[in-house]
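Engineer: Got a predicted structure plus its sequence, pasted below:
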Amino acid sequence: MEPRNLLVGSPDHVAEKVHELQEICHLEYLLAAYSHTGMPQKRTLRNLALFTTKAMPLFSELPEGPVGESYQS
């Protein structure tokens, strides 16, 4: 796996790396794994909680175009 694609670190560092991927790769979607073989469930839940409460709020603006548009009928 490409080392720059590993999202490991503090919530601020992870958000910075995701912003970098958005800029370089025109990233629209992110699929992330929060657990790995042998990782205790408690740690997996903590990783998920940190990402959702600390890193995700740094992405409050939706991108322009189809992804950010509302699809209401």
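Structural biologist: Great, that's in hand.

Engineer: So what's the residue count around residue 31?
Structural biologist: Neighbourhood size, residue 31 [other C-beta atoms under 10 Å]: 4. Where you see a C-beta, it was placed from the backbone N, CA and C, and this is true even at glycine.

Engineer: repeat for residue 58
Structural biologist: If you count neighbours by other C-beta under 10 Å, residue 58 ends up with 14.

Engineer: repeat for residue 55
Structural biologist: 20.

Engineer: isn't it right next to residue 13, touching?
Structural biologist: No: in this structure, residue 55 is not within contact of residue 13 by C-beta atoms under 8 Å, at 9.0 Å.

Engineer: Stretch 51-62 - what's its average pLDDT?
Structural biologist: For stretch 51-62, the mean per-residue pLDDT is 82.

Engineer: Now do the buried residues in it.
Structural biologist: Neighbour counts over stretch 51-62 (16 or more other C-beta atoms under 10 Å) mark 51, 55 as buried.

Engineer: now it, how far from the centre of its chain.
Structural biologist: Offset of stretch 51-62 from its chain centre (C-alpha atoms, centre = their mean, to the nearest Å): 8 Å.

Engineer: Quick one: name whatever helix or strand follows the helix or strand of the chain at the bottom of the mean pLDDT ranking.
Structural biologist: Every helix and strand in the chain was compared by mean pLDDT, DSSP states H and E; the lowest is helix 11-25, with a mean of 87. Going down the chain from helix 11-25, the next helix or strand is helix 41-50, by DSSP states H and E.

Engineer: is it true that residue 21 touches residue 27?
Structural biologist: Yes: in this structure, residue 21 is within contact of residue 27 by C-beta under 8 Å, at 4.6 Å.
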